[in-house]
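*Asks:* no sequence for this one, just the structure:
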């Protein structure tokens, strides 16, 4: 166990040894194992966006086993997916890499301005599938956020008591926010704080823009001259907003125009003290070898 | 155990000894221990207002351990916060000071005229974290108040049967009230009464203005010549409205223009028979040493 | 919090903050608070031996409130008793000192060679009475030990999940042991080990004699030349047998011929690294003032 | 409420107001209402001894309504009986007098040296029948005592949480005791102590003889010169053994040779500080009017 | 994942992926990780034999943390111990190595011919402590075996549904067996079969002697000329008896006269197709460096 991983586990001293063990499994697996950094492969787009939008560009990715193998071959710390995808490969890949079961999901066949995902799997499912953590998405800013927060609370309590780690996707969204607001610095930092206060061990947010959405927040940023010009400064602020860096915050890769732009963004995340990335579409929506290469370039940045 | 603390505990004779013990822990800890007065440090602004608005003015306060240490060093009676903040330090600070776990919270990413907070932690969480009390916010005046009252009822029943004290933040708010009405004397007194009737052991309200919001209430105040000119008179009325002083009523510090103004207000609360203050922003949104000094000035007033 | 108490709490890092808080309450209360030593007043003799044998020598002790007051006035760390005694005073003395509810008891109206105590109170009772810990007696060596171990297991799991500490009275007894064997060094050390392995946080045993009961154990003591001539050496061995001193082990006072003999024994316990004493009959079976004086002499020894 | 009843309720301050209310109902009803003394009519002999042995001498007593009316007409504080008897009259006599539902019973069709009664009704039954208390019999000294203690523990916890008072019949009996031992002073005092420690609010025992059964106890009585020559002295000792008089202890009338002998015994109970009597066979195994007269003579003694 | 580990996991295809993952954790950890062989450190002797017999020869081993570190430094696949030992270090060593929580234990303070261990921890404990497996001891041949088989059945069902592996210590013992019979080939093979039929994933037995205990079995061995002259032949037969090698069977080291004798035995186990060893006393009852060296010599044999 490296000193850095010990230090990170020290941030979670109130948790039971089961939770600590599973956090250690996430932090110690794959190419970045032991560095305190994580690159996770998430594949929930089939449910969230539909299969053709997700996989038609790289048809082998329709196969759930494709993603297990991709995460292993690229050396990711963990693989996260909904129930069906994990059930498809969990036996065959048992013990190969840490799994994160997404316990709620949302589709766009009936899309809403203020979406409320469905609970699609249970803590018991995560245990029988051998997962290290459960994943859960909240949409702060949605008029439906209350339902998600409360369901997360119940699920997280059950997960922790059974020794599972809790990973929260915190994606601001809803009628109360402008489109730009969803990734504005104040809102992303707030979303990270909310997830941390709800008891998340690992928090996933989007890289923030220099936009400020809420007038009251804007005043605070301006008055206190919060550095926010560069992405690394903004990352630093988001990490700070998650308990001064005492919660693991990782960032999504998002839809990119080019690899160089993405890698530049990763360098900024790394520079700003981000704990890592969760890279879905940029890894499986291209040919397998290219996906692995991109993931490994990303890991190389985090390996420093 | 001082005579005054004994007397206060006597107001709660229907409660089981577990609840009495935890009320005693709140009343006997810190610099005001034994006086029957309380100064509590609450830090839920990260969730309620967002991280930058809460902590950018004093960046060390992003760190959850900062607040445990601040409450201890200043000699507060207790520290109140949401789940994530308490989980971060409860093991390290175990046994150092009484903790109050806020069981519901509300963010302003989707603000509503009639807000309904989310339940964000459980009575079981409070027990495993070693808390002396649970905290819960209600918004009397909200069209959503029924939901809060009913959830509080369930939570309070469970908390009391497990020996935990119940602290209620009672903040009038909602479409039915004018902005001025939220702090008008009749409304604040009414909010204190509602919290007391719902079974709260400790009630937190805002210091009331001389405004009167509801016409029917106004008649009663005028007909009966309720003294309300000075803040101390209004405090006295609010304390009276919480079972003639037989429930602990404490007052928020709120956003102040200057320390002298705040300390003047505290002197009025003390003069009017208030049980103490809950001072968040004025304590952690300034440099640590200044925060401690202000808290100690406040305590000196209550110490008499 | 003293360094020593911090160090002791560090031995229990797998426990939740609730358990740590309650261990801290035991360690930080009374005259020995903060020293890492404990003197606890236990009064279960009324149930275990009958009222006249317990209290006729000092009739005020028939009154349950007597013992609360005695523990407070002497400056004990905690007071331990069965349900009825705690129910009698828990409201009146709420918040005055840490309480330990004995959850099982045994009477001698139908005495057996292999006794099996009855569960006489619950974890829920301990919470409603405001206790810091539950107490439980096991009789290793009894043919009935299995039933006690299993009941303790269930109760301890429930207690810990609710944040309560677990104190185990481990008294070897039963047809398989000779009378001398009950306090022989090998057997007492074994009894301490069993309690520790069953998950006890605090273990109470009797001071061991230089006798060795079990032939196989005798060989080990002789072969390894375990020092056992003086009581302090034997105490050291028992403390070592409870996880090398990483579990709190306290010793009963037992029936003594004279105070000097008892105080001599306490000095040996202290010298041998014992964590303290649990002194029942020697404290309440004499006049109140004399009981307090004896307890304070004992505390002075532990205070070093 | 008289000062004496207030004082008695003060002994039960840890209990919830529901329990206190029901204790007050017992103490405030009937001719002795307010005096702090009780005379209760118990009729469980039909189950315990069989119908003919119980009722053939006064055939109207076969009718369950007979006993409700008898208790009312005589001015008893309460009426105690098994499920069937109470179900027969609880509606008709609803609100007329406090009822105590015996929750366990034992018959002699299969008698044993070490009897274990059956649970024959529930706390829920007591609530639906409008009872003020539940009654439960334990046989200290029986090798089966453990089962009774544990069942009582569970039942008492449930009863108290529902606001019911708990009355325990504590009758020493079993292979470990001689016949004389069942009523010997040491054993009866011990039985009272056990019931009190188990959380009983009201304890019923038999008037003790001057016999001493247990050798270890005998030493304590002799060494401490416990006064025990007269019945009143022995009563005083038993009351003292029930928490120094801080638990209500009442005495059975037992099978008597003559009324004068019984009344003499009552006078001694009264003189010794007993809280009252429970008079079954002497009241309903004679003609109605004679039964009422005897009960009233007994009450006159207690009325002082 | 090596081909051999894949093959072994294939023997358990009916189990859920959680169980497979945890079996993989056991097979992939430590110096033998990936070979399909296991060397496990078990330390339950403190409970089973008493502390001095277990640790006096190497006093640092009284400390529970010693064993975690020993297992790590020697490169063992896993560490198995009772509740107290695991609770002491599970937080500090979280994520360092697979843990096996022994759920039942037996002491020798009241030794019996037909022992029945006590359940001393739960599946829930194993989850909160982050264990990969639960351990359970059965004594085939004991008149109490039924109780153990049934409790194992319940516990194994619960463990598997939560994704935990099940390790069974199968030790023939009881009045029905001669002392020599406990390690006779027919009996050990039978014990392995019973554990396998009860659903064990990993089975621990003692190395069998060439003795044959049961007359009916003897006939079968002789008639069919089962090879049993050398230890490797007997090991082969035991492994065959555990589903033709499709269950993991490991062998205890037992008390040895010399290291060479032990290593010779290990070579025979390896030659006979045994899956590995569980080495307790020979590893921690000597100086730390010597223990590590011996464990590594054993691993070298299994590494082939």
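*Replies:* Nice, I can see it. Bear in mind the structure is a predicted one, so any value in this text is a computation, not a measurement.
*Asks:* Quick one: name the residues of chain A near chain E.
*Replies:* By Cβ under 8 Å from any Cβ of the partner chain, the residues of chain A that approach chain E are A:1, A:5, A:9, A:13, A:16-25, A:27-28, A:90-91, A:94-96, A:124, A:127-131, A:161-163. All C-beta spots, glycine's among them, are computed from the backbone N, C-alpha and C.
*Asks:* Filter these down to the buried ones, PyMOL style.
*Replies:* Only the buried entries of the residues of chain A next to chain E go into this PyMOL selection, using 16 or more other Cβ atoms under 10 Å in any protein chain shown:
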select buried, chain A and resi 5+9+13+16+17+18+19+20+21+22+23+24+25+27+28+90+91+94+95+96+127+128+129+130+131+161+162+163
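*Asks:* out of the residues of chain A next to chain E, who's near chain B?
*Replies:* Answer for the residues of chain A next to chain E near chain B (Cβ under 8 Å from any Cβ): residue A:13.
*Asks:* any idea which residue of chain A is furthest from its center?
*Replies:* residue A:223 (31.1 Å; Cα atoms, centre = their mean).
*Asks:* returning to that earlier point: in helices only, show me the residues of chain A next to chain E.
*Replies:* Counted as lying in helices by DSSP state H, out of these, are A:5, A:9, A:17-25, A:27-28, A:124, A:127-128, A:161.
*Asks:* Residue A:85 against residue A:42, yeah?
*Replies:* No - the criterion here is Cβ atoms under 8 Å, and residue A:85 misses it with residue A:42 at 10.3 Å.
*Asks:* While we're on the nearest residue to residue A:138 once chain neighbours are set aside, how confident is the model there?
*Replies:* Counting by Cβ to Cβ, 6 or more residues apart in numbering or on different chains, the nearest residue to residue A:138 once its immediate chain neighbours are dropped is residue A:148, at 4.4 Å. Note for residue A:148: predicted pLDDT of 96.
*Asks:* And residue A:148, its phi and psi?
*Replies:* Main-chain torsions, residue A:148, degrees, to the nearest 10: phi -70, psi -40.
*Asks:* Report the separation between it and residue A:47.
*Replies:* 16 Å (Cβ to Cβ, to the nearest Å).
*Asks:* what's the answer for residue A:207, then?
*Replies:* Here the criterion is Cβ to Cβ. By it, residue A:207 lies 23 Å from residue A:47.
*Asks:* try residue A:277
*Replies:* With Cβ to Cβ as the criterion, residue A:277 and residue A:47 are 21 Å apart.
*Asks:* between the two, which one's more packed in?
*Replies:* Just comparing residue A:277 and residue A:47: by other Cβ atoms under 10 Å in any protein chain shown the higher neighbour count belongs to residue A:277, 30 against 22.
*Asks:* How about the contacts made by that one?
*Replies:* Residues near residue A:277 by Cβ atoms under 8 Å, 6 or more residues apart in numbering or on different chains: A:38, A:39, A:40, A:250, A:251, A:252, A:253, A:266, A:269, A:298, A:302.
*Asks:* Please list only the buried members of the residues you listed.
*Replies:* With burial judged by 16+ other Cβ under 10 Å, the buried subset of the contacts of residue A:277 is A:38, A:39, A:40, A:250, A:251, A:252, A:253, A:266, A:269, A:298, A:302.
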